[in-house]
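# structure, please.
(chains A and B)
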Number of protein chains: 2
Amino acid sequence: RQRFTFWFDAWSGWICVLLVGISAGLVAGFVDIGAKWMSHWRTGVCTPAFWLNREQCCWGSRDVEFDNVHSELCKHWKTWSEIFGMNELSVSAWFFRYFMFIFWSVIYATFIVCLVVGSAPYASGSGIPEIKTILSGFIMYGYLGKWTFFIKSIGMIFATSSGLIVGKEGPFVHISCCCGNLFSKLFPKYGHNEARKREILSAAAATGVSVAFGAPIGGILFGLEEISYYFPYKTLWRTFFCCMVGALVVRIINPYGNGHEIQFPVEYNVPWATFEVVPFICLGILGGLWGTVFIKTNIRWLKYKKTSLIGQYPRAEVIILTLITAIICYPNLYLRLTMPELIRRLVGQCGVDDHMDLCDYERDQPIGTATTKLYAAIAGPGIHRAIWQLFWALIVQTILIVFTIGTKIPSGLIIPSISIGAIAGRLIGIITEQIAYQHQHLAILRHECGVSNEHCVTPGLYAVVGACAFLGGVSRTTVSLVVIMSEVTGGLSYIVPLMVTALAAKWVGDTFGEGIYEENVKLSGYPYLENRESFRFTLKAGEAVRANRSDETIPLACMIQDGMTIAQIDKLLHRYPHSIYPVIINEDFPCIVGQIQRRDLLAVLKSRKTQLTQVKLKPSLNRKFSVVSMSSLLNKSGQPSSFGMRRASLALQSSKVLKLHKLVDRAPIIVTDQTPMEAVVDMFRKLGCRQIFVTKNGHLHGMLTRKDIIRLMHEANISKKLEH
Amino acid sequence: RQRFTFWFDAWSGWICVLLVGISAGLVAGFVDIGAKWMSHWRTGVCTPAFWLNREQCCWGSRDVEFDNVHSELCKHWKTWSEIFGMNELSVSAWFFRYFMFIFWSVIYATFIVCLVVGSAPYASGSGIPEIKTILSGFIMYGYLGKWTFFIKSIGMIFATSSGLIVGKEGPFVHISCCCGNLFSKLFPKYGHNEARKREILSAAAATGVSVAFGAPIGGILFGLEEISYYFPYKTLWRTFFCCMVGALVVRIINPYGNGHEIQFPVEYNVPWATFEVVPFICLGILGGLWGTVFIKTNIRWLKYKKTSLIGQYPRAEVIILTLITAIICYPNLYLRLTMPELIRRLVGQCGVDDHMDLCDYERDQPIGTATTKLYAAIAGPGIHRAIWQLFWALIVQTILIVFTIGTKIPSGLIIPSISIGAIAGRLIGIITEQIAYQHQHLAILRHECGVSNEHCVTPGLYAVVGACAFLGGVSRTTVSLVVIMSEVTGGLSYIVPLMVTALAAKWVGDTFGEGIYEENVKLSGYPYLENRESFRFTLKAGEAVRANRSDETIPLACMIQDGMTIAQIDKLLHRYPHSIYPVIINEDFPCIVGQIQRRDLLAVLKSRKTQLTQVKLKPSLNRKFSVVSMSSLLNKSGQPSSFGMRRASLALQSSKVLKLHKLVDRAPIIVTDQTPMEAVVDMFRKLGCRQIFVTKNGHLHGMLTRKDIIRLMHEANISKKLEH
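Residues are numbered from 1 along each chain as shown, chains lettered A, B, ... in the order given. Down below sits the predicted model:
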């Protein structure tokens, strides 16, 4: 039995991440399938089996046709107007279908916004800023509860299928972390230790991205780069396992229905030409600019909402937004698709038997067998039509996303960014293709694109690169972005173009401001200590303490090891509302020996007072008590010192002395007053501590808390800006 | 001008990594092309243009044929026996070719081993353990010099083309780091600051892997996971840029000649079946076991060599080894290929027009057009022949690699591991394929492999997975391994199988011991503080200090701030050979105020003594001098204290007082004696410090150095093993 306990303890971390991986994979599969079915339900029903979505419905049938945007049409699939027996081609039938589309969208949105606002406010938004803050050491009670988990999982299905410009990747991180939190409660080793629980949560967050994208490695890296604060080797290794389990589960559920784990497959494998680096960099710059504009307007809108009337009616806001979105989106064939469907069309390459608008090239030679290479050609009327519709879609999505992100529904912004980027990329791709075709005799083009008009510029690749650029502009990630884009498209030959674009997007974006997650953390005012930028402090720790003190005009309150009266402590707690107090030896010799939490002190004092009241004794507020451990009164030889002996016997005699030595944390972090602030900030970041004590010639000089550091960094930031 | 200096300072990091990226890319391209040409030179010459390798030679010609292992044969390419006018089919011609192969191999090996042993001993071996140690804060003078750089670059061409079982990936890390070191000297910000230089070196190390494999992202992750000690966000971002530049340069040079960046392309895209997880896990276990056996025997051999006669004749050792390798390898067609060529054959899928042994299936139906799907079939005689030859190759390579790694030539072990793994994987793949074919009516196979005998098990995929398993068994990496394997093969659909295998290999390997790089670090005795494993110390810092002290039976030596005589300091330096001394206020009040380096003290004392001798004064060895800064003699109000005032005036009056205050580092790292050792180890790892001072009730209690920590961890390890 003891052996089992030992074994269980050693393996509990692995079992816990196994469970997290399985559950995250299951939720991901469930949400994917549910959202697809519900989105298609807005346009029609599969008559033989209503539980099938349009794709599945048309799989079996032989008469599948494709419309202008490559959506399936088959006789099993009935639109709402067909079901109600209307003439399919009449104007009234079109309007009826339009109405049903809007109707279902609004129903979905209403249902979920009422659920979220009513019973799980934490389920709204993306959750990544909050998870970042939690992983940096802040505790938010209830944020990772089971109710939030449940509502957010349901909410993702409804929110994405209501046609709103929201993605499911951010929320998945939150959902996975909920799983991590819930399962870690089964294992005392993790449930009762916040630091260890954060290890599980780090792995869970990465798994969330993994299962959402079907990109196991990309998820790990996103966790590493963007979400987690500190990622030790052991966590990496567990995260790897957790993501693998999640990916396996998703594969078995097979939500994309193609036997691969790839969400937006690119089937082409054309080498890219070196001159294409130029349009790729342009796309990167565009992505960086778009990201900046989006972040700034979105944050401004969120700030405005907080103070205005709209903020008080979150339900109405979402319902009206859904109504507007549905009304605008239905008439445009591209916007009518769900975002993943749209992205899949955009990154695809035109095959020989594709008859969608986007592939309408005026080819000179008749297209022969299936293996014939597709040559570049002049754009036909279909492409012109597609360009205008896509351009309109770009504008609509760009405007809608600003208002949608931050409403009270589960909403991620990765898929919307990819969608907008893919549209922009495809547009630029088509333009580049046409330019290259019309100037094919230029030396640079002839050299790189082979003889005559062999296919050279692939518009689908530009959509992938555009998606990478726009997502990079918003999230400002680098390695994980490239890996995610490679994994979701399966286009591993295009790593270098993606890197170039991600770099351009990040450089441009960083010139104008921070990424969306950082801005959101700031907006919400979470105590998150930025661990990326390096600040040039000229201050020393001692000066920083003095600067703080003159600010607050209160000296540092200390507990004294040798003894204090309860009245003294009461007064101290009342006057100096710190969350932690240093314990010093005595006032003449203020060497720090430990630290004690305000919370613990209050609790002890409260119970003591009640106790004294119960035994009908007048609370002896002036009685001295010791906050010192008995062991520290022993001298080196192991014998109690004379002073220690006296106090020890005193303490043993009188049970009225309140012994607090168990509350004292005897390992405080100490620096000298001459330590440069850069080193102090480094310790805060790397050791994850909440306060550091500053000593001067061995004596306590002051305390620096995490909040002090955040304020100092903020001030340093402002003065840096003023200098420029 | 000032503006330019500012700009230059701000961007110097980027310019430096740009230069590193370009140079690493150039070297990689140069080495790739050179090594290929020189390897082919061993078998023959391209008569129209001797500077072409066999592939390039046969590109233009129309009569290209392929032999049993898919090597090109064409009339431009003349074997040595042809050149010397012998009858190509005679036995003597075969023996002549055999002789020439051995001759050139030995010539190459002799040249490089003499160069390395004679003029650049640092150029031998892989270099990864040393780079790891350097990045953890240890300084090895000359290890990254330009002579090492030059010899190692040349050496890689000769070593890989001599047919020895060595790879070029590890050495590339070393070469890139040399570039990093050399270029950082151009930028004072980086060249003069070891910590900042390490940032550049981290980026360079990652770039080395990137350009060696043509795997930019894999390189970054390998750097992150295996090489770098600490990887802050800013470094990640620079590394990304550096790897991108390297990848772009390699692409422009285009050494693989296929317009892609992919070294061992897998062109198939068959989904894998879930039941295949079982053979993948078996391969992983096999890889882990193989890795363990290889590491243990190799380390034992290296230890044996150190003490035996062989170690004294490194040149003879390499020459004999090359001779044996060439004699054994030539008769086997697979071993005759260079390792990258062999790997490419093994991971490839059999096409319809492949007539190599490995593709000799007895197909029932006649093979029709190019687009026909290849169905599984029973193995033909060619496959049986190939199996036995590959099995022999597996044994030969496994034995040779043990003796080759660790000789005095530049030698990496990543490509050899991949090669051995790919052979093992392909063998298991063929076996699985045949089993699946012969039992195709089993329910599980029928369900997963589609109707009847559609192609289901892909032996090439097993080669990829096997390579991943064996490399994982040796290097024990996880994420980076999977990414590297995906990138070098371009098979992104196979991430999950690779993850499963990597996991199995690592788990099995870690049960029996550590990875090759860790073992090598230990073997060389570098002061590398392991930053992965967590140790369970029950000790507190104070106890650890005492444990150390009783070991060494010397008390801690302190400098006293108030003043010491030169004689006292001399005695101290002589008796206690620490590399650093704490500075305390005075003996009665031993509060720590700073630390001073032995090196600095010695230098000052030496110059002082010479000075005194020069001015014909008897060295006043008993004169007191102060190691204290004037500012610390001022009390809080900014006024000199009475005591300080007296000493200050004294110091000003007499120039005979030696002022050492500038040498004192006033920001030592301090912990209390009650701090748990786990927290102390954490500080060592994360803050990268070399020593930590332990205080007890504010008084100096002892010092813990990095070496103490390594010894304590080692002892903890031993006692853990004894418990089991």
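
# so after the strand or helix carrying A:L335, what's the next helix or strand?
Assigned by DSSP states H and E, A:L335 belongs to helix A:333-336. Using DSSP H and E, the helix or strand that follows helix A:333-336 in sequence is helix A:339-347.

# state the mean pLDDT of that next one.
For helix A:339-347, the mean per-residue pLDDT is 87.

# which elements pack onto that helix?
Contacting helix A:339-347 under the criterion 3 or more Cβ pairs under 8 Å, 6 or more residues apart in numbering or on different chains; DSSP states H and E are the following elements: helix A:333-336, helix A:414-438, helix A:459-475. For the C-beta atoms, the positions are set from N, CA and C on the backbone; glycine is no exception.

# so which of these is the most packed in?
Comparing these by mean neighbour count (mean count of other Cβ atoms under 10 Å in any protein chain shown), helix A:459-475 ranks first with a mean of 30.

# okay, now whichever residue of the stretch 451-600 of chain A sits closest to chain B: neighbour count?
Closest to chain B within the stretch 451-600 of chain A is A:C591: 2.4 Å, counting by Cβ to the nearest Cβ. Residue crowding around A:C591 was assessed by other Cβ atoms under 10 Å in any protein chain shown; the count is 21.

# thinking it is in contact with B:N697, fair?
Yes. Counting by Cβ atoms under 8 Å, A:C591 touches B:N697, with 5.8 Å between them.

# quickly list what's touching both of these two.
Taking Cβ atoms under 8 Å, 6 or more residues apart in numbering or on different chains as the criterion, A:C591 and B:N697 both touch A:I585.

# show me what contacts the closest residue to A:L358 other than its chain neighbours?
Sequence neighbours aside, A:A386 is the residue nearest to A:L358 in space, at 4.9 Å (criterion: Cβ to Cβ, 6 or more residues apart in numbering or on different chains). Shown in contact with A:A386 (Cβ under 8 Å, 6+ apart): A:334, A:357-358, A:360.

# using PDB, list the CA coordinates for the host helix or strand of A:A386.
Per DSSP H and E, A:A386 falls inside helix A:381-404. Provided in PDB are the C-alpha atoms of helix A:381-404 (Å, rounded to 0.1, in the frame of the first residue of the first chain):
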ATOM      1  CA  PRO A 381     -14.500  37.900 -64.900                       C
ATOM      2  CA  GLY A 382     -15.000  35.500 -62.000                       C
ATOM      3  CA  ILE A 383     -11.800  36.600 -60.500                       C
ATOM      4  CA  HIS A 384     -12.700  40.300 -60.900                       C
ATOM      5  CA  ARG A 385     -16.000  39.600 -59.100                       C
ATOM      6  CA  ALA A 386     -14.200  37.700 -56.400                       C
ATOM      7  CA  ILE A 387     -11.700  40.500 -55.900                       C
ATOM      8  CA  TRP A 388     -14.500  43.000 -55.200                       C
ATOM      9  CA  GLN A 389     -16.400  40.700 -52.900                       C
ATOM     10  CA  LEU A 390     -13.300  39.800 -51.000                       C
ATOM     11  CA  PHE A 391     -12.300  43.400 -50.700                       C
ATOM     12  CA  TRP A 392     -15.700  44.100 -49.200                       C
ATOM     13  CA  ALA A 393     -15.400  41.100 -46.900                       C
ATOM     14  CA  LEU A 394     -12.000  42.500 -45.700                       C
ATOM     15  CA  ILE A 395     -13.500  45.900 -44.800                       C
ATOM     16  CA  VAL A 396     -16.600  44.300 -43.100                       C
ATOM     17  CA  GLN A 397     -14.600  41.900 -41.000                       C
ATOM     18  CA  THR A 398     -12.000  44.600 -40.000                       C
ATOM     19  CA  ILE A 399     -14.800  46.900 -38.800                       C
ATOM     20  CA  LEU A 400     -16.800  44.200 -37.100                       C
ATOM     21  CA  ILE A 401     -13.900  42.600 -35.200                       C
ATOM     22  CA  VAL A 402     -13.200  45.800 -33.400                       C
ATOM     23  CA  PHE A 403     -16.600  45.800 -31.900                       C
ATOM     24  CA  THR A 404     -16.900  42.100 -31.400                       C
END
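
# and it, what's buried?
A:382-383, A:386-387, A:389-390, A:392-394, A:396-398, A:400-404 (16 or more other Cβ atoms under 10 Å in any protein chain shown).

# can you read off the pLDDT for A:S162?
90.

# neighbours around the closest residue to it other than its chain neighbours, how many?
Spatially, and ignoring its direct neighbours in sequence, A:S162 is nearest to A:Y108 (3.9 Å; Cβ to Cβ, 6+ apart). Residues within reach of A:Y108, counting by other Cβ under 10 Å, total 24.

# my reading is that A:Y108 lies in a helix. Confirm?
Yes. The assignment for A:Y108 (DSSP: H, G, I helix; E, B strand; the rest coil) places it in a helix.

# pull the CA atoms of the helix holding A:L335 into PDB?
Coordinates of each C-alpha in helix A:333-336 appear next as PDB, following Å, rounded to 0.1, in the frame of the first residue of the first chain:
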ATOM      1  CA  LEU A 333     -20.900  34.700 -50.500                       C
ATOM      2  CA  TYR A 334     -17.500  34.700 -48.800                       C
ATOM      3  CA  LEU A 335     -18.800  36.200 -45.600                       C
ATOM      4  CA  ARG A 336     -21.600  33.700 -45.500                       C
END
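
# re earlier: let me see the contact set for the residue of the stretch 451-600 of chain A closest to chain B.
A:C591 neighbours (Cβ under 8 Å, 6+ apart): A:584-585, A:695, A:698-700, B:591, B:695, B:697-699.

# and the spatially closest residue to it that is not a sequence neighbour, its phi and psi?
Of all residues not flanking A:C591 in the chain, B:G698 sits nearest, at 2.4 Å (Cβ to Cβ, 6+ apart). Phi and psi for B:G698, reported as degrees, to the nearest 10, are phi 90, psi -10.

# might one say that B:G698 is in contact with A:I592?
Yes. With contact defined as Cβ under 8 Å, B:G698 counts as touching A:I592 (6.9 Å).

# pLDDT weak spots in the stretch 401-550 of chain A?
Along the stretch 401-550 of chain A, the model assigns pLDDT under 70 to residues A:443-455, A:491, A:531-537, A:547-550.

# if you set the cut-off to 80 instead, what comes out?
A:437, A:439-456, A:490-493, A:527-539, A:541-550 (pLDDT under 80).
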